[in-house]
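>>> Output the structure for:
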Amino acid sequence: RQAVHYLSSVYAFEAAAPYRLVAQSGYFCLPFAASTSRATWGVVRATAWRTLQLGNETFPDCPRIHFVSGVTLEESSSGSSSPNVIVAYGVNDCYSRFVKIPQEEILRFLFMDGQSK
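This is a model prediction of the structure:
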């Protein structure tokens, strides 16, 4: 039986019907928790061997399984130019994580080459 490997991508679509796709990022992974995180240390250590493999290449910082389970926009704080996107995700079906990403970084990732789909 072959191992399952997950990758993620970000996409954008029109705000009104027919909701056509306007951009899609390349594939990426969401990382393991830091091994220094006391709250998940045992679980992180127990699942760290389950890394992403594509063909003959191994990606040691990428879990084999990660999946986004929630996304929300955090309002900009005063003085901040861009709001943050908070992404909740699961790692190797064993523990959950949150990551905060500036919205401008996601937009840059979507429209890296200045072109849309």
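>>> in the protein, which segments are predicted with low confidence?
1-3, 35-46, 77-80, 113-117 (pLDDT under 70).
>>> got the contact list for the residue most central in space within it?
The centre of the chain sits closest to Leu30, judged by C-alpha atoms, centre = their mean, with a distance of 4.1 Å. Shown in contact with Leu30 (C-beta atoms under 8 Å, 6 or more residues apart in numbering): 8, 63, 66, 68, 87, 89, 91, 97, 99. (C-beta placed from N, C-alpha, C; glycine too.)
>>> switch to 7 Å and redo it
8, 66, 89, 99 (C-beta atoms under 7 Å, 6 or more residues apart in numbering).
>>> what's the neighbour count on the third one?
If I follow you right, that is Tyr89. 19 (other C-beta atoms under 10 Å).
>>> Check the second one too.
By the other C-beta under 10 Å criterion, the neighbourhood of His66 contains 23 residues.
>>> So it is in contact with Asp93, correct?
No - His66 sits out of contact with Asp93 when judged by C-beta atoms under 7 Å, with a separation of 9.6 Å.
>>> about what we covered before: switch the contacts of Leu30 over to JSON lines; also include distance to Gln24 and secondary structure.
Output for the contacts of Leu30, formatted as JSON lines (distance: C-beta to C-beta, whole Å; DSSP: H, G, I helix; E, B strand; the rest coil):
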{"residue": "Ser8", "distance to Gln24": "11", "secondary structure": "strand"}
{"residue": "His66", "distance to Gln24": "18", "secondary structure": "strand"}
{"residue": "Tyr89", "distance to Gln24": "19", "secondary structure": "strand"}
{"residue": "Val99", "distance to Gln24": "20", "secondary structure": "strand"}
